Each structure stands twice: as C-alpha cells, then as structure tokens.
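K.L.:
sequence? don't have it. structure:
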C-alpha cells in the first residue's frame, strides 16, 4: 500500500490544528498530528513538505451540473460535460449533481454515467434523482426506489417558486419529499428533498407547507439558490433559524447577470450576525451551466460555462473578512458532509477519505488529493479527462 506524509502545513480539519503533519495511507487519512514518524514496512511512499501551506479538507460542491445544463436559450445554450481537471483544479474533490432546467434531453441514466466517469478519474461523485419535469425523471420509475436502491443517489431534486418549471401541487410535492426522506431511511442514507427556489414571490412558502403537512424534519428540506434576491434571502434566514437547511449559490452575484443577488460572502456574514447557526448554511456553485459574459458596459456579449472556482473565491472573501481558513471552508466541507451524511468527507480526521486541498500562503490552489490520489500539483492538473481542452 502506498503512503504520503504531508509535513509541516497549517492544518484546518476544518478546526484549526496549527502546524501539523498528515499521513495518507492508500485512500484514507491514517494520522494527523505534529512530528509524525516516517512510516516503515508498509510499502512505498514519499514525504512532501507543505511548510507555509494551508491544508484543508477537499471542497464539496453540493449543486453542480457535471454533464452540463440549461438549453433554455435554445439548442446552442446547452453546455457540455465539466471535465475532471476543471473540478479538481478548483479544489473540489466531491460533487453532488442534479439535472438542470433541461430535464427532457438529459436524463438520470446519463447523469449517473457521468458521475461514474468522474469517480473513475479520481473524485467522489453523487447525484439527485428528479428534475424540472412532471412526472419527475427517475432511473427506476419511482423516486423513492432510486433513493433507496441506487447508492449514488442522495435525494430528489425539484424546482419550486420557479416560473419556468412545472407547477407541483402540494400533494405531489409532499409525495416527493416523502420519497426522499423515506427512501433514504430505507437505505441508511441522510437523503434530502433538494429544492431549487426561483424568483416567484412565494419563495419558500411551499417548502414550509411541506414540512407542516408531513412533519419531515426541516433540515431534510434543503432550499437552494436562496441568495438570488433580497425577499427570498430574508425568508431563507428565517427558515434556517427555524431549523431548515439553506444553500447559497456562489455564482449568483450581480456581476454574473443576477442583479438582485446578494454576494454569498456578504450573505453568510449577514446570516451569522442574525443568529443563523453556521451549520445550517452550505455553499455550492451551480456550475456547469451557461452564464452571460458581460462586456465593459455590462451588456451580454456571449456565454461561458461556469466552473466550480467560485467556491474557493467565496472562501477567500470570508477569510479577508476575518474568518480563519477552516471556518470559511466549513460551508463547503463539514457542513455539506454533515447535511448529506457523508461520514468520511469534509474533515481531515483519522479514517476519513484522503480528500485534501493544499493552498499556498496567498490562498491559491497548490495541490489536491482525491481519495489519496494526487490530482493537482503546483497548481496544475495532472489528471485530465479524455475529452478536455
């Protein structure tokens, strides 16, 4: 079995552990602490100095479109697969992907296949069943069965308060929440109803009504994109204070074509000041979709496919605002892992998967390990997909 000893970095697991060493053995973390001994008699390995480096758990992007998305602007606006080098190059080692607005030409079998490919290439990849269509897209024909019997499926995706999505009756929305919650319990998973929230003024009210009618715990009803406008953001903070789970979209900000959006770092600071428990807030990107490319005058000059770099950008903004690296990264590491019941993710602890993000002193990606495999070295991806640029 191979090993790697990362020596002398500033370790955040995400708690601040100070200067410490970290031992990778195979695909797991075997030891964390100061002045670890160099292993002997357990196979080949190497000692890597990470002095003057920041050592974090690999980031988890809980809402990313790994096989592309959209198409609402016509066929030429359908984005393509996100390649492994772009994901890992952003420090992301775990992804959870739903279908997007185009849940017609893209389906759950293709999504599962794309996730399986990324898993083979070195990161951990999960999915949601469901999507923007009625009846919801599934693999088996039953969303509860998808959650219960497909290991990679962590819940059911729906879109509510979204004028472009199908309107769910309350009975149907409750049924889908039940499918996620009960399917997860049958499988021993912490599965969620993963709810895209649109710009319709009712906002989170349908999700609150689902909770009232079903009694499903608030924290299993996850509201996504809640920083997209001030009215929704106010509802989201109240929802989280009442026990709900909320996810901020790092790509939603005024300069990306969302003029009413609250910048995610600003939203996090506001929520914490308002008494929202940090553990109820997660951060994802919505990357893999086409975003408008704006010219100097702020007019749309084309499209580009957003990548997951926005998570680390938000983490840097939080650090600049006074958080330490572990506190800032927790919104895309420990909080996501706890929300989804991914026990071996989101921490640098003995027995955890060796998903590790190493930053230089300025916060730029230096090295990334996915389950013990080196994916990025000196800021450059060394594992690439077969169809990348």
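P.N.:
Arrived safely, thanks for sending. All figures in this text were calculated on a predicted structure; none of them were measured in a lab.

K.L.:
the strands in the stretch 101-250 of the chain, which residues?
P.N.:
Counting by DSSP state E, counting those that start in this stretch, the stretch 101-250 of the chain has strands at residues 124-130, 153-160, 192-197, 221-224, 245-249.

K.L.:
Neighbouring strands of the first one in the sheet, and parallel or not?
P.N.:
So the one you mean is strand 124-130. Paired strands of strand 124-130, with direction, are strand 92-97 (parallel), strand 153-160 (parallel) (DSSP bridges).

K.L.:
next one: the shortest one
P.N.:
Here strand 221-224 is paired, per DSSP bridges, with strand 192-197 (parallel), strand 245-249 (parallel).

K.L.:
Turn those into TSV, including distance to residue 156.
P.N.:
All C-beta spots, glycine's among them, are computed from the backbone N, C-alpha and C. What follows is those, written out as TSV (distance: least, Cβ to Cβ, whole Å):
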stretch	distance to residue 156
strand 192-197	6
strand 245-249	14
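
K.L.:
can you give me the mean pLDDT across stretch 333-353?
P.N.:
Here stretch 333-353 scores 98 as its mean pLDDT.

K.L.:
measure it end to end?
P.N.:
Start and end residues of stretch 333-353 are separated by 12 Å (Cα to Cα, to the nearest Å).

K.L.:
Pull out the buried positions in it.
P.N.:
For stretch 333-353, a neighbour-count test (16 or more other Cβ atoms under 10 Å) marks 333-340, 342, 344-348, 352-353 as buried.

K.L.:
And for stretch 158-168?
P.N.:
Of all the residues in stretch 158-168, those buried under the rule 16+ other Cβ under 10 Å are 158-162, 165-166, 168.

K.L.:
same check, this time on stretch 304-320
P.N.:
So stretch 304-320, judged by 16+ other Cβ under 10 Å, has buried residues 305-319.

K.L.:
quick one: which of the residues you listed sit in strands?
P.N.:
Residues of these located in strands (DSSP state E): residue 305.

K.L.:
Check the spacing between residue 138 and residue 160 real quick.
P.N.:
Applying Cβ to Cβ, to the nearest Å, the value for residue 138 to residue 160 is 18 Å.

K.L.:
hang on, residue 288 packs against residue 61?
P.N.:
No - contact criterion Cβ atoms under 8 Å: residue 288 and residue 61 do not qualify, at 9.6 Å.

K.L.:
Which helix in this structure has the most residues?
P.N.:
helix 170-187 (DSSP state H).

K.L.:
helix/strand/coil for residue 376?
P.N.:
strand (DSSP: H, G, I helix; E, B strand; the rest coil).

K.L.:
Tally up the residues packed near it, please.
P.N.:
A total of 23 residues lie near residue 376 under the criterion other Cβ atoms under 10 Å.

K.L.:
can you pull the contacts of the nearest residue to it once chain neighbours are set aside?
P.N.:
Nearest residue to residue 376, sequence neighbours excluded (Cβ to Cβ, 6 or more residues apart in numbering): residue 368, at 3.8 Å. Shown in contact with residue 368 (Cβ atoms under 8 Å, 6 or more residues apart in numbering): 58, 88-89, 91, 93, 356-358, 374-376.

K.L.:
Within the helices and strands, which one has the residue of the chain most remote from its centre?
P.N.:
Each residue of the chain has a distance to the centre, and by Cα atoms, centre = their mean the biggest one is for residue 41: 37.8 Å. Counting by DSSP states H and E, no helix or strand carries residue 41.

K.L.:
distance of it from residue 23?
P.N.:
Separation of residue 41 from residue 23 (Cβ to Cβ): 14 Å.

K.L.:
buried ones in stretch 167-176?
P.N.:
Using 16+ other Cβ under 10 Å as the test for burial, stretch 167-176 gives 168, 173-176.

K.L.:
Likewise for stretch 30-39?
P.N.:
The neighbour-count check on stretch 30-39 (16+ other Cβ under 10 Å) flags 30, 32, 36, 39 as buried.

K.L.:
for the second one, what are its contacts?
P.N.:
The one in question is residue 32. Listed by Cβ under 8 Å, 6+ apart, the contact set of residue 32 reads 11, 13, 17, 20-23, 348-350.

K.L.:
for the first one, same thing?
P.N.:
Applying Cβ under 8 Å, 6+ apart, we find residue 30 in contact with 3, 23-24, 350.

K.L.:
could you redo the last one with a cut-off of 10 Å?
P.N.:
By Cβ atoms under 10 Å, 6 or more residues apart in numbering, residue 30 lies in contact with 1, 3-5, 22-24, 36, 39, 42, 350-351, 354, 372.

K.L.:
Return the subset of the residues you listed lying in strands.
P.N.:
3-5, 22-24.

K.L.:
now the residues you listed in TSV, with distance to residue 264?
P.N.:
Listed next are these as TSV, based on distance: Cβ to Cβ, whole Å:
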residue	distance to residue 264
3	37
4	33
5	35
22	29
23	34
24	31
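
K.L.:
out of those residues, which is most surrounded?
P.N.:
Ranked by neighbour count (other Cβ under 10 Å), the ones in strands among the contacts of residue 30 have residue 22 at the top, with 27 neighbours.

K.L.:
I figured that one hits residue 5, correct?
P.N.:
Yes - counting by Cβ atoms under 10 Å, residue 22 does reach residue 5; the two are 7.6 Å apart.

K.L.:
Overlap of the contact sets of these two?
P.N.:
Common neighbours of residue 22 and residue 5, counting by Cβ under 10 Å, 6+ apart, are 30-31, 36, 48, 50.

K.L.:
ok, so of those residues, who is nearest residue 119?
P.N.:
Nearest to residue 119, judged by Cβ to Cβ, of the shared contacts of residue 22 and residue 5 is residue 30 at 22.3 Å.

K.L.:
Looking at that closest one now. What's its pLDDT?
P.N.:
For residue 30, the model assigns a pLDDT of 97.

K.L.:
Tell me the secondary structure at it.
P.N.:
Assigned by three-state DSSP, the conformation of residue 30 is strand.
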